[in-house]
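Participant: Turn this into a model:
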Amino acid sequence: MSETRIGYARCSTDKQDLAAQKATLLHLGVTADRIYTDHGLTGTNRERPGLAQALAAVRAGDTLVVPKLDRLARSVPDARSIADELAKRGVRLALGASVYDPHDPMGKMFFNILATFAEFEADLIRMRTKEGMAFARAKGKLKGKKPKLSDRRQTELRRMYDTGDYSVSDLAELFDVSRPTVYRVLQRTPSAEVSIEAQ
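Facilitator: Next up is the predicted model:
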């Protein structure tokens, strides 16, 4: 019985492109209809529908092909778990052009080193992202969500509320915002009377 090669590709963000990984899988003998993908999902998240479909598609004697180990898993325990599951089912795992042999001590050691580096790289990326966000906050470049109403509209909302002619529900409808937003604006914006007294 001929071997079937099932391919799996993944990218972490919606901005990344799967084209290069798909091209690699096609070059490694996987047909286009046998490639399963996950887009915008991190390797640390095991809930990956594309991976689940790829694992369900392989049978004993088949080979699961991934361009690199870090596309399959981003942690050592997850990589070992997937590799062990495949080995028990008699499915080979190909990392690029190299087929992982769980029975070969050198192959096993090499696989563990690759998985460790993939996890280390993922940790570095997370650390750099956190540091970058903290730096941006310190520089004032990373701010919270923009207010739904401009300062001028918030002042106008307050003025209309102070007339007593408009309820919170009326204002929410007029300014096309939720009632909690109206309450927040009223808490933040002093009434015109208070402003005049303060002068």
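Participant: any idea how this protein splits into domains?
Facilitator: Listed by automatic domain parsing, the domain ranges of the chain are 5-135, 151-198.
Participant: looking at the ones you listed, which is buried most?
Facilitator: Most buried of those, by mean neighbour count (mean count of other CB atoms under 10 Å): domain 5-135, with a mean of 16. Every C-beta, even on glycine, is put in place using the N, C-alpha and C of the backbone.
Participant: can you give me the strands in this structure?
Facilitator: Using DSSP state E, the strands of the chain run over 5-11, 35-39, 63-66, 92-95, 98-100.
Participant: Can you flag the weakest of the ones you listed by average pLDDT?
Facilitator: When the strands of the chain are compared on average pLDDT, strand 98-100 comes out lowest at a mean of 83.
Participant: Mind listing residues that contact that one?
Facilitator: 63, 83, 92, 93, 94, 107, 111 (CB atoms under 8 Å, 6 or more residues apart in numbering).
Participant: same thing but 10 Å
Facilitator: When contacts are defined by CB atoms under 10 Å, 6 or more residues apart in numbering, strand 98-100 is touched by residues 63-65, 69, 79, 83, 86-87, 92-94, 107-108, 110-111, 114.
Participant: Paired strands for that strand, with orientation please.
Facilitator: Sheet pairing of strand 98-100 (DSSP bridges) gives strand 92-95 (antiparallel).
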